[in-house]
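Engineer: sharing a sequence plus its predicted fold:
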Amino acid sequence: DAGVIQSPRHEVTEMGQEVTLRCKPISGHNSLFWYRQTMMRGLELLIYFNNNVPIDDSGMPEDRFSAKMPNASFSTLKIQPSEPRDSAVYFCASRTDSTGELFFGEGSRLTVL
Amino acid sequence: EDQVTQSPEALRLQEGESSSLNCSYTVSGLRGLFWYRQDPGKGPEFLFTLYSAGEEKEKERLKATLTKKESFLHITAPKPEDSATYLCAPPVVAAGNKLTFGGGTRVLVKP
């Protein structure tokens, strides 16, 4: 099993640029989560999907952030325009159903200069 | 508001020195709790799910216990390879069982 696959693993960009992070969940999992982790705020839930439908996006910090899940095997998190305070590690995770444990990807480390 | 608090924030242990980590929470409609381990540069890795008060689960030197308001992760005779950040997360039933994580406890076990 390949696990949750995220890309890119590292991204360095300049303030104002658009950033797109990608995630491929584990096959057969029907829920997908996006988290952001920083030293100051820990692991924060941004948004999660169930059967490709966004269920809770209350953690999305502002309109600069958007997430999509066009099909069961792919999701994107987009930041436009990016700001230095968006620098963090972004994790994608998936699970089989509403009671199962989450399986995390290796994360995408974003640095906005 | 749902809150998850982990203590202590950091723990330095000598190899073989047993200790406990705490996870306390105020979550409406609690139905269990998850424990995860996170190594530097990696995503969190699942350890345990506890479903009801009084339940205990063990894995090697780790034992997790659950009450109605808190959970403990006991580390017995730790080894340096147990050094990691340990995270807990109670599923929020009212919000589709989304997982809100505590701040974590960073454990360092010195040989």
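Structural biologist: Yes, it's here.
Engineer: show me which residues of chain B sit near chain A.
Structural biologist: B:31-32, B:34, B:41-46, B:49, B:87, B:91, B:95-104 (Cβ under 8 Å from any Cβ of the partner chain). Using the backbone N, CA and C atoms, a C-beta is placed for each residue, glycine as well.
Engineer: just the buried ones from those?
Structural biologist: By neighbour count, with 16 or more other Cβ atoms under 10 Å in any protein chain shown, the residues of chain B next to chain A hold B:32, B:34, B:43-44, B:46, B:49, B:87, B:91, B:95, B:97-104 as buried.
Engineer: quick check: the closest residue to B:Gln3 other than its chain neighbours vs chain A, distance?
Structural biologist: Once flanking residues are discounted, B:Gln3 sits nearest to B:Thr26: 4.9 Å by Cβ to Cβ, 6 or more residues apart in numbering or on different chains. Applying Cβ to the nearest Cβ, to the nearest Å, the value for B:Thr26 to chain A is 17 Å.
Engineer: my guess is A:Ser75 contacts A:His29. True?
Structural biologist: No. Between A:Ser75 and A:His29 there is no contact under Cβ atoms under 8 Å: 11.2 Å.
Engineer: between those two, tell me which one has more neighbours.
Structural biologist: Neighbours per residue, other Cβ atoms under 10 Å in any protein chain shown: of A:Ser75 and A:His29, the larger number sits with A:Ser75, 24 against 18.
Engineer: who's that one bridged to?
Structural biologist: Beta-bridge pairing for A:Ser75 (DSSP bridges): A:Cys23.
Engineer: nice, that's everything, thank you.
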